[in-house]
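Asks: next input, structure requested:
(one chain, ligands or ions: 1)
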Amino acid sequence: MASVAGQHTGLLIAGVLLGLLGVGAALAQPWAIGRLIEAAGGGAPLTGPIAQLVALFCAGALFSSLQAYAIGRAGENIVFDVRRILVGRLLRADLTAFGKESQGDIFTRTVTDTSLVKIALSQSLAQLIISGATVIGGVVLMFLIDLWLMAITMSCLAAASIVSIALARKLRKVALENRDDTGAFAGDIQRVLSALPTVKASRAESREAARIGGLAERTRRSGIRVNAYNALLMPSMNVGTQGALAVVVGVGMAWVARGEMDMASLTTFIMYLFQLVSPLVMFFMGVGQFVQGRAAIHRVDELARLAQESDGPEGVADPAPLGRLARHRPAVEFHDVRFAYRRGKQAEKTQVLNGVSFSVPARGLTAVVGPSGAGKTTMFQLIERFYSVDRGSVRLSGHDIEALPLDTVRGLVGYVQQDSAAMRGTIRENLTYANPHAGDDAVREAVAMAGLTSVIAHLPRGLDTELGDQGSGLSGGQRQRLCIARTLLQQPAVMLLDEATSNLDSDSERDFRDVVRRISRRCAVIAIAHRISTVIDADKIVVMEGGRVRATGVHHDLMERDELYRRLAGSQLLAEPGLMPPPTAPATAHERMEPWTPPPSFALGWPPHVGLTEQTLQLRPIKSEEQR
Ligand SMILES: Nc1ncnc2c1ncn2[C@@H]1O[C@H](COP(=O)(O)OP(=O)(O)OP(=O)(O)O)[C@@H](O)[C@H]1O
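Replies: Numbering: from 1, shown residues only. Next up, the predicted model:
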């Protein structure tokens, strides 16, 4: 953060210098008033002293407004740079590190904390320097007027400063707590709002309102503590200056009465003392703001240090020759890949892949099947290099992906995810997201290939129809086809389809299978499929179980020799009768799926069936039209 502020030191220094010129003009004003009193007392002409005074007033006003403009501008520049850097780092963050952070807290740090950083690094820093200079200048001039009066003033101010410094220390601590509480509150709001339908369906509104209310209450309490220390900071200084003023007026008037001091000097001294009050208060307000800003700087710095994706080692092989993948080499190879996710702040390991090896030809359809949790999606995430393998290697056309630039890897690999990721924006923007330069013809072709032409034709604004958050405004199946069209527009060399047809109806799925066939003549298609129809005519099938490749082959071959495949295929056949020839060998008792019969009473703590009575349904009488 300091380095960002360092890039704007020119403007900051200009602002501070202008402020110091304003300080000079302000400090000269009591002196000019003293001269005016002397001239009036001595019967001398007043035009000169009055002109001096007016010139000082005007110069003071001009310099302080120029200073405010320069410092404000530097502040905006600093916050702009901090946000630009943060957003860049967030978008390139390593997914493991990113997954440990709460998204709401990230949002608070990026939006609110950066605003506090702006105030701390520009306004309050300048305020500290300028009001500090005013105080020092005033103190020196007051020393020159009268040493003893100044000594009295200093002792009152020193006592007040000790209290204020102790308060500022406490303020920093509670400000940090308050920033963290605000982040936790925002994090929970984000968690709930992103799953609002689930919250409603689970009737969890009251529970969530209470939980978030608790976090809001914690934020309120720490906010009140911040406020309390802030509220004590200024009065502690005010009491010091007011005490000093009372003593100075009393002692000074006694000295004037005894003839030991002249009235002009006492008036000038008192004016300096008055002038000291506001900068002193501003100084300690600046301390308060800076201290709160430091808490924000700490949080923003922490976020900026989020681990980043590595873009491959220095001196990587030139990615250009990869272009379309060579036909004679496998498009993707896994060599004894081991991988574990790291969860939470403690980075506890979840071992997922335990030595996976297989290869995918450069053309054709490779289907990946296996029970839930076998590690199929994880494999795709490793091909996209969202995570790095712990051991072994993943190769693209013979090149270890760790040695390729990320941009090359992700340009070559197109990924249609399990949860179709559509975004707020028009359908066209969603379609061309991975290839913003795609022309209209290409868009039309991709839309047709994904079976979206008639869907889009029925929308009021066609391709320019706006979608809501997460692509709301389209059905699940339509969103999925949108993502497929987007990936097609990317023209990848390897296309990953993660259960991409799970949301398609049978007709659309049949059409889509034809599309996949056509695409697979041009590139390598790897499809995670739960439907047998997707895998039955795949060129290669990889069967996964428990983080290992259990078998590879084609359908008929696997039906003969792999129990798990036979079982998976059998269960799928139930959903899609007539698609598959009968198994070559009768299933053993062990392999056969047991039909599910409901237990006599529910075993998971459900009450036995009591029937839906008015009482259990908590029915209320329906009001008639008139009652309403
Ligand atoms: N981000 C993550 N952090 C920690 N563990 C994860 C993460 N994602 C997945 N896992 C774990 O990794 C294992 C494999 O998950 P994966 O999604 O790869 O399975 P899958 O075979 O695709 O399953 P499904 O067919 O149900 O989608 C699971 O046990 C899961 O709990």
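
Asks: tell me the residues of the stretch 1-150 of the chain that contact the ligand?
Replies: G99 (Cβ under 6 Å from any ligand atom). Bear in mind the C-beta positions are built from the backbone N, C-alpha and C, glycine included.

Asks: tell me the contacts of whatever residue of the stretch 1-150 of the chain ends up closest to the ligand?
Replies: Across the stretch 1-150 of the chain, no residue is closer to the ligand than G99, which sits at 5.8 Å (Cβ to the nearest ligand atom). Contacts were defined as Cβ atoms under 8 Å, 6 or more residues apart in numbering; by that measure G99 touches R343.

Asks: apart from its neighbours in sequence, what residue is nearest A331?
Replies: Setting aside the residues directly before and after it, A331 is nearest to A524 in space (Cβ to Cβ, 6 or more residues apart in numbering), at 3.6 Å.

Asks: the one you found bridge partners, please.
Replies: Using DSSP bridges, the beta-bridge partners of A524 come out as G364, V494.

Asks: look up how far the ligand lies from it.
Replies: Summarising the geometry, the distance separating A524 from the ligand, computed by Cβ to the nearest ligand atom, to the nearest Å, is 19 Å.

Asks: count the residues that sit near that residue.
Replies: Taking other Cβ atoms under 10 Å as the criterion, the count of residues near A524 is 27.

Asks: where does the stretch 501-628 of the chain dip in pLDDT?
Replies: With pLDDT under 70 as the threshold, the stretch 501-628 of the chain has low-confidence stretches at 501-509, 511-512, 572-628.

Asks: quick check: residues of it near the ligand?
Replies: By the criterion of Cβ under 6 Å from any ligand atom, no position of the stretch 501-628 of the chain is found lying close to the ligand.

Asks: re the thing from before, wait, the residue nearest to A331 touches M495, no?
Replies: Yes. Checked against Cβ atoms under 8 Å, the pair A524 and M495 is within contact range at 7.2 Å.

Asks: lowest average confidence, helix or strand, in this structure?
Replies: When the helices and strands of the chain are scored by mean pLDDT, DSSP states H and E, helix 614-617 comes last with a mean of 46.

Asks: give the contact list for the residue nearest to A331.
Replies: Residues touching A524, when contacts are defined by Cβ under 8 Å, 6+ apart, comprise L325, A331, V332, V360, P361, A362, R363, G364, T366, A493, V494, M495.

Asks: nearest spatial neighbour of the fourth one, chain-adjacent residues omitted?
Replies: Beyond its immediate neighbours in the sequence, the residue positioned closest to V360 (Cβ to Cβ, 6+ apart) is V332, lying 4.2 Å away.

Asks: per-residue confidence for the one you found?
Replies: On pLDDT, V332 comes in at 93.

Asks: pretty sure it contacts V356?
Replies: No. With contact defined as Cβ under 8 Å, V332 does not reach V356; the gap is 11.5 Å.

Asks: residues contacting V117?
Replies: M1, I78, V79, V82, G293, A296, I297, V300.

Asks: so which of the residues you listed is the closest to Y433?
Replies: Distance from Y433 was checked for each of the contacts of V117 by Cβ to Cβ. The minimum falls on V82, at 27.0 Å.

Asks: phi, psi of the closest one?
Replies: Main-chain dihedrals, V82, degrees, to the nearest 10: phi -60, psi -40.

Asks: wait, isn't it in contact with V300?
Replies: Yes. With contact defined as Cβ under 8 Å, V82 and V300 form a contacting pair (6.4 Å).

Asks: show the pLDDT at the residue in the stretch 201-350 of the chain that the ligand sits nearest to.
Replies: When you check the stretch 201-350 of the chain against the ligand by Cβ to the nearest ligand atom, the closest residue turns out to be Y341, at 3.3 Å. Note for Y341: predicted pLDDT of 91.

Asks: give me the below-cutoff pLDDT ranges for the protein.
Replies: Ranges of the chain meeting pLDDT under 70: 1-2, 5, 312-327, 344-347, 420, 499-509, 511-512, 572-628.

Asks: need the longest helix for it.
Replies: Using DSSP state H to assign secondary structure, the helix with the most residues in the chain is helix 205-257.
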